[in-house]
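Novice: Generate a structure from the sequence data that follows.
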Amino acid sequence: MKHVFGPVSSRRLGRSLGIDIVPYKLCSLNCVYCECGSTTALTTSVREYASASEVCAEIDIALASSPELDVITFSGSGEPTLNSSIGTIIDHIKCRYPQYKVAVLTNSTLMNIDSVRRSILSADMIFPSLDAVSEEVFSAIMKPAAGVNPSDLIEGLIKLRAEYKGRMCLEIFIVPGFNDTPGELELLRDAALRIQPDEVHLNRLDRPGSESWVQPVGDELMLEISEFFKPLNVRVIGRKPGDVHIPYSGSDLRDRVLSALRSGCDNAESVAERLGVRVVDVIRICEKLSSEGLACRIPAEKGDLYRPV
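Specialist: Predicted coordinates for the structure are as follows:
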């Protein structure tokens with residue numbers, strides 16, 4: 001399928017079915033830490049990049065067997081709120097499949113637009129991001145599209161919190177040497193206190209970002225940083241026990257996945273185990289290989305199989 005992937009195991013959300021509703025690497029930011037690589041289409045233009053009917057049809061196929069899921073998550077390789085149909089798709093899920101919770105991961109850049117905020121209010125959980133408050137650090141980490149600035153982003157999140165009745169967790173991604181200074185952390189804390197999320201999630205590099213110089217933050221420093229955000233509820237997002245970090249480049253990993261399929265591995269879990277990478281990354285690559293005619297996807301009761309062509 002083109003827009004639906006998984007289910008995959010999420011560190012925060014459990015067993016998640018992913019929904020990707022914008023073209024690959026279409027985003028309003030070009031974050032230095034992005035695990036999907038550099039943004040190739042930097043924009044704040046909101047439109048129907050993938051039709052609601054097409055996405056909903058794929059969702060219906062994925063949920064036809066009533067799979068066991070903890071959540072259905074709008075995420076992927078770009079910013080999901082750039083798709084003007086996200087509200088229609090969320091409503092389709094909530095109406096036809098009320099047994100499933102819906103989460104939206106967003107970089108927050110469009111939350112100052114009333115129609116965009118309204119489009120995601122029916123989600124059960126929203127995970128907006130805020131990585132910097134000062135213009136200098138924001139530009140250095142986020143490399144935003146023209147017109148995007150931290151002041152508007154924060155004001156949009158304050159409005160979202162006032163309007164939204166579900167669970168809202170503010171994610172802050174720590175980039176050493178930029179937003180881990182006392183001054184920037186104090187600005188982030190003050191902004192978080194104004195926004196009033198249910199939780200603050202502190203995240204750090206888990207695998208290579210779009211810029212090779214970005215380094216992960218150690219557990220001890222993450223715990224120190226978490227102290228800045230009290231009395232807010234703070235959670236430090238950590239790698240799952242047993243996770244392996246291997247610095248494959250995108251093209252290298254693609255070739256290794258295809259080689260693993262050709263050697264007899266026929267599902268994402270076995271490929272991920274062999275290569276020591278995340279299942280979600282293998283699924284995305286397998287779906288891309290399928291769209292390129294290099295592999296075929298075979299639905300199976302215990303998880304989709306992939307075979308080289």
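Novice: what about the strands in the protein?
Specialist: 4-10, 14-19, 26-27, 41-42, 71-74, 102-106, 125-128, 167-173, 199-203, 234-236, 295-298, 305-308 (DSSP state E).
Novice: what's the offset of the third one from the middle of its chain?
Specialist: What it means is strand 26-27. The chain centre lies 12 Å from the centre of strand 26-27; the measure is C-alpha atoms, centre = their mean, to the nearest Å.
Novice: try the second one
Specialist: The chain centroid and the centroid of strand 14-19 are separated by 11 Å, computed with C-alpha atoms, centre = their mean.
Novice: May I see the buried residues of it?
Specialist: Of the residues in strand 14-19, those with enough neighbours to count as buried (16 or more other C-beta atoms under 10 Å) are Ser16, Leu17, Gly18, Ile19. To be clear about C-beta, it is placed using only N, CA and C from the backbone, and glycine gets the same treatment.
Novice: Kindly report the same for stretch 185-201.
Specialist: Neighbour-count burial for stretch 185-201, counted by 16+ other C-beta under 10 Å, picks out Leu185, Leu187, Leu188, Arg189, Ala191, Ala192, Ile195, Pro197, Glu199, Val200, His201.
Novice: what's in contact with that stretch?
Specialist: 12, 127-128, 130, 132-134, 154, 157-158, 161, 167-172, 179, 225, 228-229, 232-235, 237 (C-beta atoms under 8 Å, 6 or more residues apart in numbering).
Novice: about what we covered before: pick out the most distant pair among the buried residues of stretch 185-201.
Specialist: Of all pairs drawn from those, the widest gap by C-beta to C-beta lies between Leu187 and Glu199 and measures 19.2 Å.
Novice: Distance check, Arg256 against Val271.
Specialist: Between Arg256 and Val271 the distance is 9 Å, computed by C-beta to C-beta, to the nearest Å.
Novice: Which one's more surrounded, those two?
Specialist: Val271 (25 against 18; other C-beta atoms under 10 Å).
Novice: and the gap between that one and Pro128?
Specialist: In this view, Val271 and Pro128 are 32 Å apart by C-beta to C-beta.
Novice: what's around Ala162, how many residues?
Specialist: By the measure other C-beta under 10 Å, the count of residues near Ala162 is 10.
Novice: what does Ser66 give?
Specialist: Residues contacting Ser66 under the criterion other C-beta under 10 Å number 9.
Novice: Lys165 now?
Specialist: One way to gauge burial is a neighbour count; for Lys165, by other C-beta under 10 Å, it gives 8.
Novice: what number of residues lie near the nearest residue to His3 once chain neighbours are set aside?
Specialist: If you skip the residues right next to it in sequence, His3 has Val55 as its closest partner in space, 4.8 Å away by C-beta to C-beta, 6 or more residues apart in numbering. Residues lying near Val55 (other C-beta under 10 Å) number 26.
Novice: Could you pull up the contacting residues of Val55?
Specialist: Contact analysis of Val55 by C-beta under 8 Å, 6+ apart lists His3, Val4, Ile19, Ile21, Ser85, Ile89.
Novice: 6 Å instead, please
Specialist: Counting by C-beta atoms under 6 Å, 6 or more residues apart in numbering, Val55 makes contact with His3, Ile21, Ile89.
Novice: so can I have TSV of the residues you listed showing distance to Asn149?
Specialist: Formatted as TSV, the contacts of Val55 follow (distance: C-beta to C-beta, whole Å):
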residue	distance to Asn149
His3	31
Ile21	25
Ile89	29
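Novice: what residues are up against Glu155?
Specialist: When the contact criterion is C-beta under 6 Å, 6+ apart, the partners of Glu155 are Asn112.
Novice: Relative to Ala191, how far out is it?
Specialist: 10 Å.
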